[in-house]
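A.B. asks: Pasting a predicted model and its sequence here:
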Amino acid sequence: MRASVKKPAGSGVNISSLTLFSEQEWRGESYTTEESQTQLKKFCKFSVKSIIVKGNPWVLYGEPGNIGRPFLVEEGKYSSLESFPQNIESVKLIVENLESPILMVHASAKLKGSGSESGYRMMEGRTMRSVASGTAGVWAVAKDNTVWVRTGCAGKTSSSVGESWTKCQGSPIKLVSVGYNTVWCIDLDGHIVVRTEVTASSPAGKAWANVDGDMKSIAASSKGHVWAVDKSDRVWWRKGAKIDSPTGSTWKHISGNLAKISVGSFGVWGLDSKNEVYFRDGTAGDADETEGSSWTMVEGKFIDICVGSTSVW
């Protein structure tokens, strides 16, 4: 059975759609909408197990009226929704034009400009899906999942926004995290590849290294330490990974469950499947060979997290 809600023909609007399926791998009953739905169950009578997104992103909610935990999905095919454990009760289309997203760089760590200026500066060139920065420079993933590096940034991200974007040849990537002299990436299948030997004289690195593990979230610190979360929300620490041993030796399972993880001088932090915040005791300072001792819940609920040198965003 297929049901749908469509916009009038000739509206002149670029059509975006969300198709929901009752079974994984896009099987079973389906329902397609091109409009936000605050009461989805009035039209879609089944529990949603997989989806296809066309055009602009959508936000999925676990409660009617677009409230509850939000879950952003971009254009693509999602064979299962295991990372969104609730039933989908409402959906919201992001209607802004995202054909040419603009990358802005702030000129001040205090997020302030001078006079009438906003403090941000547009970076010309490529349009990017996501950006990450660290000692090894500024790296980005484009809309087609190619990886790009900003020349002139390696080793001096605090003082330079670089010169231009250069494509780094390799397999399609969905996530990057920038460390001291490596860039840790997760490809479209969840496999890990690492760009090694990144220096100021070789800003794009010299080679790709394959590292075992299937992950959905990964984080590398400015001291080369690496933490990750697999597809079952299990947490892993890369034993032996540091500046003079860039890829480490093996993964060590760490007790606890998270959906996302971030690491920096302020320690190891993460979000669980309920968007609750956790800190790994004993990791502040980002010392070598430190796996911490236990997890402490910190007040707050967020959909993303990023660790800096003296703060957490």
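C.D. replies: Nice, thanks for sending it over. Numbering: from 1, shown residues only.
A.B. asks: and the longest strand seen in the chain, which strands flank it?
C.D. replies: Selection of the longest strand in the chain by residue count, based on DSSP state E, yields strand 207-220. Counting by DSSP bridges, the strands paired with strand 207-220 are strand 191-196 (antiparallel), strand 226-230 (antiparallel).
A.B. asks: Off-centre distance for it?
C.D. replies: How far strand 207-220 lies from its chain's middle: 14 Å, per CA atoms, centre = their mean, to the nearest Å.
A.B. asks: ok, and the closest non-adjacent residue to F46?
C.D. replies: Nearest non-adjacent residue to F46, counting by CB to CB, 6 or more residues apart in numbering: S22, 4.0 Å away. C-beta: built from backbone N, CA, C; applies to glycine.
A.B. asks: my bad, V194
C.D. replies: Nearest one to V194, counting by CB to CB, 6+ apart, is A209 at 4.6 Å.
A.B. asks: Contacts only, for the one you found.
C.D. replies: V193, V194, T196, T247 (CB atoms under 8 Å, 6 or more residues apart in numbering).
A.B. asks: any idea which helix or strand carries the spatially closest residue to E75 that is not a sequence neighbour?
C.D. replies: Setting aside the residues directly before and after it, E75 is nearest to V53 in space (CB to CB, 6+ apart), at 5.1 Å. V53 belongs to strand 50-54 when assigned by DSSP states H and E.
A.B. asks: R234 contacts I261, correct?
C.D. replies: No - contact criterion CB atoms under 8 Å: R234 and I261 do not qualify, at 11.0 Å.
A.B. asks: if you count what's nearby, which of those two comes out ahead?
C.D. replies: Taking other CB atoms under 10 Å, R234 and I261 do not tie; I261 has more neighbours (27 against 16).
A.B. asks: Give me the contacts around the helix or strand hosting the more buried one.
C.D. replies: Using DSSP H and E, I261 maps to strand 260-264. Applying CB under 8 Å, 6+ apart, the set of residues contacting strand 260-264 from outside is 217-222, 225-229, 235, 268-271, 283, 286, 304-309, 312.
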